[in-house]
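**Student:** coordinates only, no sequence provided:
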C-alpha cells in the first residue's frame, strides 16, 4: 500500500463522496436517509483519525483532506438546511449558518495572510476547534432527527444558541492559539 492510499485516507475520501449523497437526500426532504448518510459521514470523521493514529497512517494528504472533508460536509449541511423549502421544521437560522461559515472563512483567510506575510505554517487544530466541529455535527444530527421523526423540535433553539456560543468561543480561542504557536516558534529560532 502506498503512503497515500491508506485506510484512513480512504475513509476521508468516502466522507467526501457522501456529501453529494447527503445533499441530494436533504434536497428531496428524505430526512431519515439524509440523517443516516450524515451520521455515517460523521462516524468516518472519527474513524479516519483513529485509524491514522492506531496504524501509523498519518499522511500529508490526510492532514489536508480530513479538515477539508469536515468543512465541506458542515458547510453543505448548514446551507441546505437553512433554506426554507428544504425542511419540515423551521430551517436552521441564517445567523447561525453565517456564523459557522464565517468562522471557518476567517480562520482560513487569516492563516493564508499569516503564512504569506510571516512564513508561519505551523497551524494546528485546537481542542475548542475540535469540540466546535463535534458540537456542529451534533446539532445537525439533532436537526435532521427533528425533521425525520418530529422529535425534540422544541429544543432546536437551545441547540442553535449552544452551537453559536461554541462557534464564537472556538473562533476567538483560535486567534489566541495561533498567536501562542507563533510565539513558541519565534522562541525556538
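**Tutor:** Sure, I can see it. No experiment lies behind these values; they were computed from the predicted model shown. Residues are numbered from 1 along each chain as shown.

**Student:** could you pull out the buried residues of stretch 126-135?
**Tutor:** By neighbour count, and taking 16 or more other C-beta atoms under 10 Å as the criterion, the buried residues in stretch 126-135 are 126, 128-129, 132-133, 135. Placement of C-beta: from N, CA and C, glycine included.

**Student:** what mean pLDDT does that stretch get?
**Tutor:** Looking at stretch 126-135 alone, the average pLDDT works out to 93.

**Student:** got it, and stretch 171-189?
**Tutor:** Per-residue scores along stretch 171-189 average to 86.

**Student:** which residues touch that stretch?
**Tutor:** Under the criterion C-beta atoms under 8 Å, 6 or more residues apart in numbering, residues 103, 106-107, 110-111, 114, 118, 120, 122-124, 126, 128-129 lie in contact with stretch 171-189.

**Student:** that older thread, and the buried residues of stretch 126-135, which is closest to residue 82?
**Tutor:** The closest of these to residue 82 turns out to be residue 135 (C-beta to C-beta; 16.8 Å).

**Student:** show me which helix runs longest in the protein.
**Tutor:** Assignment by DSSP state H gives helix 156-188 as the longest helix of the chain.

**Student:** what about that one, distance to the chain center?
**Tutor:** Helix 156-188 has its C-alpha centroid displaced from the chain centroid by 14 Å (C-alpha atoms, centre = their mean, to the nearest Å).

**Student:** quick one on the thing from earlier: ok, of the contacts of stretch 171-189, which one's closest to residue 150?
**Tutor:** Comparing those against residue 150 with C-beta to C-beta picks out residue 103 as the nearest, at 30.3 Å.

**Student:** in TSV: the buried residues of stretch 126-135, plus secondary structure and distance to residue 176.
**Tutor:** Listed next are the buried residues of stretch 126-135 as TSV, based on DSSP: H, G, I helix; E, B strand; the rest coil; distance: C-beta to C-beta, whole Å:
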residue	secondary structure	distance to residue 176
126	coil	9
128	helix	10
129	helix	12
132	helix	14
133	helix	18
135	helix	19
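
**Student:** pick out the most distant pair among those.
**Tutor:** Of all pairs drawn from the buried residues of stretch 126-135, the widest gap by C-beta to C-beta lies between 126 and 135 and measures 13.7 Å.
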